[in-house]
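Engineer: sequence below, structure please.
(3 chains)
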Amino acid sequence: MEKSQLYAAIAAAVPEAATAEGKQFVELTVAPEKLKSVMGRLRDESNLSFDILVCLTGMDYGTDLGVVYHLRSYAFNHMAVVKTRISDRENPAVDSVCSIWPGAEYHEREVYDLLGIRFNDHPDLRRIFLDSTWGYPLRKDYKDDVNIVSK
Amino acid sequence: MEFSIYDFSSFTAWIDQSLRAAMSPGMAVAIEMLIIGVAILIFYAIVGLFLVYAERKVCALMQNRMGPNRVGPGGIFQTIADLVKLLFVELVPIKNADKILFSLAPYIVIIASFMAMGALPFAKGLHAIDLNIGVFYLMAVSSMGVVGVLLAGWASNNKYSLIGAMRIGAQIVSYEISVGMSLVTIVVLAGTMQLSEIVQAQQYGWFIFRGHIPALIAFVIFIVASTAETNRGPFDLAEAESELTAGFHTEYSGIRFAFFFLAEYINMFIVAAIATTVFFGGWMPFNVYGWEGFNKVMNFIPPFIWFLGKTGALIFLIMWFKWTFPRLRIDQLLTLEWKYFLPINIINVLIMALIVLLGWHW
Amino acid sequence: MEVKEKMGRLENEEYIINMGPQHPSTHGVLRLVVALKGEIVQRVEPHIGYIHRGIEKMCENLTYQQIIHLTDRMDYLSAHINNEAVCLTVEKALEIEVPERVKYIRTIMSELTRIQSHQLFWATFGMDLGGLTCFFYGLRDREKILDIFEESCGGRMIVSYNTPGGLMNDIHPNFQNRVKEFLKYFRGVIHEYDDLLTGNVIFQERSKGMGVMTKEEAIAWGLTGPTGRASGFSCDIRKHNPYSAYDKVTFREILYTEGDVFHRYLARMEEMRESMNIIDQLIDNIPEGPFTAKMKPVIKLPEGEYFQSVETARGELGVYIVSDGNKNPYRVKFRSPNFVNLAPLNLMARGSKIADLVAIGGSLDLIIPDIDR
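Structural biologist: Down below sits the predicted model:
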């Protein structure tokens, strides 16, 4: 499927997402509360079938926090990027996609560990690399005078 | 008095007579025991050091390496250097370990291997004690070491050690049966349990040749089962270093570890020696009927050289196993014993009994 | 009565052992908390983070040329391929076409990296299963590839040979001869690997039917590399989204359907042979030309986000760079294959023996620094 066709197909399947034909992949922006239903449809629609979660990235956009999902389809070998933004920096939360892709479990634990984004309904949400006394190092406002030399 | 390297019985008799002539009978027995004890202790140490060196060289040969080559010519003093180091290493005290049992375990292991050494016939007339139930004694004594290993695993207060000890308990109890049954096959053929008579009976042909196929099967089972019993690869589940770090001796250090280490090699020597005695004619030379010249050359080689040579060849075979095969899993190990070796062994003994009854052997 | 109660409690009690962080079979500082019942594994819980260096955070303060050197330290056995991943992402962002010569050399180097990684896998996997001799055979042959690396790159394992736009320096004049010599040598000895391990009955008994992942599970968990392909998940990035010179060569993607330990092992063995075929097709045809494209000394990526994945020896390495137009990236994320492959360990090992856990862990070919980053 060409990228423009894929774009049209995705836009038709998930109308609530803001879809854009990005530079590299088709990009979707979804509100956190709709994320799980959008993801479920992206995987289950037969002409999309995004059944592989390639990458799950936590982002700090300065004001907002966000999660970026890179999806790939095994059958069609096309990719799409789903983004969600959370404006609440104090208590950020987004739905877990573990029930859709079990492989998301570790990715989400990592994002929770390094950015402090909570995932609702995650089977085992604990910090994965660091111990509980650490802050959230990948946030832009994280300060560590000892270990980080910033220019 | 005339001594011969082909028959030591006159030599030992001479020592006995001269001692008895010089002192009271009780004293003479005590001195004799002392001499034998010291002789075996020295032999034990030499065999231990040599086998450790041999293992390193054999393993190096199999692995495209040089092996030890720095200490002494060809590295022959490497094991001595290591032994000296082990003697000086601190005995790390283990927290919450059962101190008495923890210290006792290595001694049990080493005493068990020491006792077995006493009954081996090295040459004609050259053995400490010639029991009329020699085979039985060897089996009983050599399996006593497992008690030490179990104690070591339990007393270390380490979970890996305990798993290792549980494994070796199951393993040795199982494989003891196979070792026993394969020896019984030969006892049936020889008609005696006395080791010297078993060797004597092989004067006109080793049992491995005389006993046809049943003896061959018994030998294969014996060598596999005794490899398992000495806890060497591919049956080294008790110390499986990739799973249990070092199994039952994880927590041992210094000379206590050296005891376990030494006992392992001595046990290997003992099982190879038993196999030699029972299947390969002990110290009997290799003779072929009718080849007079050949037999003369063979007979010229002293019996203890024959004995040690055959034992060495079998030890090489056991080492070869270890450095070639990957390790078995515990359930596969027990399946092999209880589902394959045991039934084969029982049938094998019956066949052997039939052969002996009908006189089909030569 | 009391004794009976006590026995009942003991029977239900799990025996927890800690495998790692220092343990011979975890190949690094992985800690597995294993709940046992007798010898049977009830549950495995990996505890990671012992070698977490915060590479993603460090990248935010470094330039793109400097990031290359950090990627070596992730999956140190696929160092060259990791470098390549970052370089490809930067080149894609800058829309630079690198010279053909660079593409060829990168591909050859990547395949050599893959071979040496699988050789080490074979060596350590044999050791995990108790065949200590494998270790020396594997390292003997790996040394020859490291020598080739040393000659051209200067480094043996951590090569840092790539740079955005091309290579650090040209290949050694002797490179082609050395590689051809190695291929000839390795084709002659690879049968020893099969003789020693593949055909061994004990080995097959230990590995067949262990830690099975079906194709559906592999896709859902995102298992990639030989681990995924042993389950029938066709996930070879080299085939599906070719980069560098992979579109110019023909090669076979190794696929099995069984998905057990044995077939993961077999997939790696076959991949070594395929890698040799790939090098065969390229080694004589390296085009003449510059070894690097013209690059500015300070690289600033245009604002935007870029994703590129490559096939390392262990699976798909994805590099996701978000740039705000500065000389440092705004955010870098490495989708490391080992991190994803470790996740279903509990699923694979549950119900098997503790010895199988070691075999399963070995067959995933985990590199812990790549998990922790």
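
Engineer: every contact and neighbour count from this point should use C-alpha atoms.
Structural biologist: Will do.

Engineer: now do the buried residues in the least confident helix or strand in chain A by mean pLDDT.
Structural biologist: When the helices and strands of chain A are scored by mean pLDDT, DSSP states H and E, strand A:18-21 comes last with a mean of 74. Residues of strand A:18-21 classed as buried by neighbour count (16 or more other C-alpha atoms under 10 Å in any protein chain shown): A:19-20.

Engineer: how close does C:Val189 get to chain A?
Structural biologist: 37 Å (C-alpha to the nearest C-alpha, to the nearest Å).

Engineer: sorry, that was for B:Lys95
Structural biologist: 28 Å.

Engineer: assign that residue to helix, strand or coil.
Structural biologist: In terms of secondary structure, B:Lys95 is coil; the call rests on DSSP: H, G, I helix; E, B strand; the rest coil.

Engineer: what about it, how many residues nearby?
Structural biologist: B:Lys95 has 9 neighbours, counted by other C-alpha atoms under 10 Å in any protein chain shown.

Engineer: for B:Val38, same thing?
Structural biologist: 12.

Engineer: quick one, what contacts it?
Structural biologist: For B:Val38, the contact set (C-alpha atoms under 8 Å, 6 or more residues apart in numbering or on different chains) is empty.

Engineer: so how far is chain A from it?
Structural biologist: 60 Å.

Engineer: what pLDDT does that residue get?
Structural biologist: Model confidence at B:Val38, expressed as pLDDT, equals 88.

Engineer: buried residues, whatever helix or strand it lives in. List them.
Structural biologist: Using DSSP states H and E, B:Val38 falls within helix B:25-62. By 16+ other C-alpha under 10 Å, the buried positions in helix B:25-62 come out as B:28, B:32, B:36, B:40, B:44, B:47-60, B:62.

Engineer: go on, stretch C:343-361?
Structural biologist: C:343-346, C:348-361.

Engineer: now do stretch B:293-310
Structural biologist: Under 16+ other C-alpha under 10 Å, the buried positions of stretch B:293-310 are B:298-299, B:302-304, B:306-308, B:310.

Engineer: try stretch B:324-337
Structural biologist: In stretch B:324-337, counting by 16+ other C-alpha under 10 Å, buried: B:324-330, B:333-334, B:336-337.

Engineer: first to last residue in it, what's the distance?
Structural biologist: 21 Å (C-alpha to C-alpha, to the nearest Å).

Engineer: now do stretch C:351-368
Structural biologist: With C-alpha to C-alpha as the measure, what separates the two termini of stretch C:351-368 is 24 Å.

Engineer: which residues does it contact?
Structural biologist: Stretch C:351-368 has contacts (C-alpha under 8 Å, 6+ apart) with B:242-243, B:329, C:25-30, C:36, C:39-43, C:51, C:75-76, C:121, C:124-125, C:128-129, C:206-207, C:210-211, C:227, C:261, C:264-265, C:314, C:338, C:341-342, C:345, C:348-349.

Engineer: mind doing that once more with 7 Å?
Structural biologist: B:243, B:329, C:25, C:28-30, C:39-42, C:75, C:121, C:125, C:128-129, C:211, C:227, C:261, C:264-265, C:338, C:341, C:349 (C-alpha atoms under 7 Å, 6 or more residues apart in numbering or on different chains).

Engineer: so for it, mean pLDDT?
Structural biologist: 86.

Engineer: and for stretch C:323-331?
Structural biologist: 87.

Engineer: contacts for that stretch, please.
Structural biologist: Residues contacting stretch C:323-331 (C-alpha under 7 Å, 6+ apart): C:60-64, C:298-305, C:321-322.

Engineer: one more: stretch B:236-244?
Structural biologist: So stretch B:236-244 is contacted by B:160, B:164-165, B:167-168, B:246-248, C:24-25, C:128, C:130, C:355, C:358 (C-alpha under 7 Å, 6+ apart).

Engineer: how about it as CSV, C-alpha atoms only?
Structural biologist: Extracted C-alpha coordinates of stretch B:236-244, given in CSV (Å, rounded to 0.1, in the frame of the first residue of the first chain):
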residue,chain,number,x,y,z
ASP,B,236,28.3,-33.3,36.4
LEU,B,237,24.9,-32.0,37.3
ALA,B,238,25.8,-31.6,41.0
GLU,B,239,28.3,-28.9,40.2
ALA,B,240,26.9,-27.8,36.8
GLU,B,241,28.7,-24.5,36.8
SER,B,242,26.5,-22.8,34.3
GLU,B,243,23.4,-23.5,36.4
LEU,B,244,24.5,-23.8,40.0
